Structures are given as structure tokens and as C-alpha cells.
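# what follows is a predicted structure for the sequence shown.
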Amino acid sequence: MTIKKIFFSITIALFVLTSCNENKEVKKENISLAISGMTCEIGCAKTIQSKLSKKEGVLDAKVIFNDSIANIEFDANTTSKKNLIAFVDGIAGGDLYKASETATKKHSCTENCKKDCEHKMAKKMECKEDCKMACCADKTE
């Protein structure tokens, strides 16, 4: 009787360990969405960013209110571009926002660029061409 219990316990433990050890490789993809309907930075953009960040499969989400753009990095094994568009469209009951894929990725300067800019040591390679900060104005690198 005890041997059966030990064997059963070992079998259960092995099953749990092997089922939890999924070695799924993350397939990273990016999408930029143009979002219409945002009227404010905190109530709209931050809410959309927060909800996207919590969505399964989303690795990173940044919503830039001034450009009406969401830059999203996601795991293509878990979600899709079509699913992300539908997700944004459905926020707030589906009546406020409309998302569509955009070909150009908008950029806001990185924190490092901002910090370096303040110290007059900006590395232009960190600053993207559409950045409007003064440190990015001279794009010689």
C-alpha cells in the first residue's frame, strides 16, 4: 500500500513539473497603431497604455498622446496584430477609440537621450529622426 502511494506521489510530481516547464520561445513582434478618439493624456492615453500592458501577450506598450500612436511589442505566439487592434477598439465599451495599423513608428526620445541632452552629451544614435528635442536636432551620427 505504501509503495503505491509513493509511486502515485512521484507520478503526480513529475506530471506537475513537466507540464509547468513549457519552453516556449517568445516570438517578438512590433506594431504601431494610430488611435483616434483620445481627448486627454491621462484619462485616455494612460488608460489605453495600462490596459494594453496588462493584456496577455503584450511585452511592452507605449501610448504617445500627442501623436495619437501606440507602439506595442508583443509575443506573436500569444496574440496577433488583429487581436490588438480589436482590443483597443473594445476599450471603454467600444464606443470611444478606433485603432488602425500605421506604417510609420512614431518615437519619443528615450529617457537616456533626455538625460544626456540635459548634460549636452546626447548620442544621436539613441535619438530617432522624428524626435523633436533639441538634442536630437543635429543628427550627424
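That came through, no problem.
# and the residue lying closest to residue 44 once chain neighbours are set aside, how many neighbours does it have?
Taking C-beta to C-beta, 6 or more residues apart in numbering, and ignoring the residues beside it in sequence, residue 44 has residue 38 as its nearest neighbour in space, at 3.9 Å. Backbone N, C-alpha and C define where each C-beta goes, glycine included. The tally of other residues near residue 38 (other C-beta atoms under 10 Å) stands at 19.
# which parts of stretch 35-55 are buried?
Across stretch 35-55, burial judged by 16 or more other C-beta atoms under 10 Å covers 35, 37-38, 44-45, 47-49, 51-52, 55.
# and the helix or strand harbouring residue 82, what does it pack against?
For residue 82, the host element (DSSP states H and E) is helix 81-90. Based on contacts counted as 3 or more C-beta pairs under 8 Å, 6 or more residues apart in numbering; DSSP states H and E, the elements that helix 81-90 packs against are strand 28-36, helix 46-54, strand 69-75, strand 98-101.
# angle of that helix against strand 69-75?
Taking axes from the mean of the first three to the mean of the last three C-alpha atoms, to 10 degrees, helix 81-90 and strand 69-75 form an angle of 130 degrees between their directions.
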